[in-house]
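A.B. asks: got a predicted structure here, sequence first:
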Amino acid sequence: MNYISLIHTIIDPFVSDPEALLIKDITEDKTKNNTSIVVCAPSGDIARLIGKKGCVANAIRDIVSIAGTLESKKVHIKFESLEENDQGE
């Protein structure tokens, strides 16, 4: 399953500029049943994606986790602000 495409389908309506999203698979060991994905967006959009008390982020994680369960995979999603990401580079 293409988790990046699934995440785009879920979160594109939430953000002001879907073109500014960066969704990347950062899984180090592709042979294991774990997948790690990072979602980077501008700070205003990332706040919208996380939601109050993380409820939107948890809902996104739940949906993608269910899709992963169908393939016996565990999917981890991390949300980061693009501004934070730019400072580290």
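C.D. replies: Ah, there it is.
A.B. asks: ok, the residue lying closest to residue 25 once chain neighbours are set aside - contacts?
C.D. replies: Spatial nearest neighbour of residue 25, excluding adjacent residues (CB to CB, 6 or more residues apart in numbering): residue 37 at 5.5 Å. Yep, even glycine has a C-beta here, placed from its N, CA and C like the rest. Residues in contact with residue 37 (CB atoms under 8 Å, 6 or more residues apart in numbering) are 3-4, 7, 23-27, 64, 75-78.
A.B. asks: could you do residue 29 as well?
C.D. replies: Not one residue lies near residue 29 by CB under 8 Å, 6+ apart.
A.B. asks: pLDDT at it, what is it?
C.D. replies: For residue 29, the pLDDT comes out at 85.
A.B. asks: can you check the one 4 residues further on too?
C.D. replies: At residue 33, the model reports a pLDDT of 90.
A.B. asks: what's in contact with the biggest helix by length in the chain?
C.D. replies: Ranked by number of residues, the top helix in the chain under DSSP state H is helix 55-69. Outside helix 55-69, the residues that touch it by CB under 8 Å, 6+ apart are 1, 3, 6-7, 10-11, 14, 35, 37, 48-51, 74-75, 77, 79.
A.B. asks: can you pull up the most central residue in this structure?
C.D. replies: Nearest to the geometric centre of the chain sits residue 39, at 3.9 Å (CA atoms, centre = their mean).
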